[in-house]
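Enquirer: no sequence for this one, just the structure:
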């Protein structure tokens with residue numbers, strides 16, 4: 001078998017599986033997303049605890065403080081460490097979103113004009129075929145997934 005035949009065979013098998021068992025695929029994808037999210041949160045928690053412990057030991061070593069004083073100092077240091085990236089995000093994000101908005105508007109306008117030009121170039125027969133195909137595809141999607 002050639003590479004192209006294998007690729008198309010896998011595409012057909014994947015499409016058949018998607019049409020036969022969409023709930024199982026959705027469940028599998030949600031399980032993967034949940035596991036990944038839980039893993040990221042766990043790693044963030046372990047990293048935070050390690051950083052807190054490190055700052056705790058540094059403060060105790062340099063300032064020779066008791067437990068309560070060390071906890072207070074570490075608490076305020078952690079807030080300070082958190083506020084710097086938040087301040088940076090507050091300064092950068094508005095410009096990023098303005099840039100993103102401009103990009104999305106120009107992309108939308110370009111694609112919209114391409115679709116309008118394509119639609120105007122179609123013959124009446126092709127427009128009827130395209131409309132019927134879109135209605136049939138929407139009906140099948142509603143029938144299969146709802």
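Expert: Nice, I can see it. Please read all numbers here as calculations on a predicted model, not as lab measurements.
Enquirer: just checking, what packs against the helix or strand hosting residue 47?
Expert: In this assignment (DSSP states H and E), residue 47 forms part of helix 22-63. Contact here means 3 or more CB pairs under 8 Å, 6 or more residues apart in numbering; DSSP states H and E; on that basis helix 22-63 packs against helix 67-121. No exception for glycine: its C-beta is placed from N, CA and C like everyone else's.
Enquirer: gap between residue 13 and residue 39?
Expert: Residue 13 sits at a distance of 30 Å from residue 39 (criterion: CB to CB, to the nearest Å).
Enquirer: let me fix that: residue 109
Expert: As judged by CB to CB, residue 109 and residue 39 stand 40 Å apart.
Enquirer: give me the number of residues near residue 74?
Expert: Using other CB atoms under 10 Å, residue 74 has 21 other residues around it.
Enquirer: pLDDT value on the spatially most central residue of the chain, please?
Expert: Residue closest to the average C-alpha location in the chain (CA atoms, centre = their mean): residue 33, at 10.3 Å. With respect to pLDDT, residue 33 scores 96.
Enquirer: do you know how far it is from residue 43?
Expert: 16 Å.
Enquirer: just residue 8 next, same as before
Expert: From residue 8 across to residue 43, the span is 40 Å (CB to CB).
Enquirer: what's the answer for residue 113, then?
Expert: Per CB to CB, residue 113 is found 46 Å from residue 43.
Enquirer: cool, and residue 96?
Expert: 26 Å.
Enquirer: who's in contact with residue 65?
Expert: 59, 73 (CB atoms under 8 Å, 6 or more residues apart in numbering).
Enquirer: and it, helix, strand or coil?
Expert: For residue 65, the assignment made with DSSP: H, G, I helix; E, B strand; the rest coil gives coil.
Enquirer: which stretches of the protein have low pLDDT?
Expert: 1 (pLDDT under 70).
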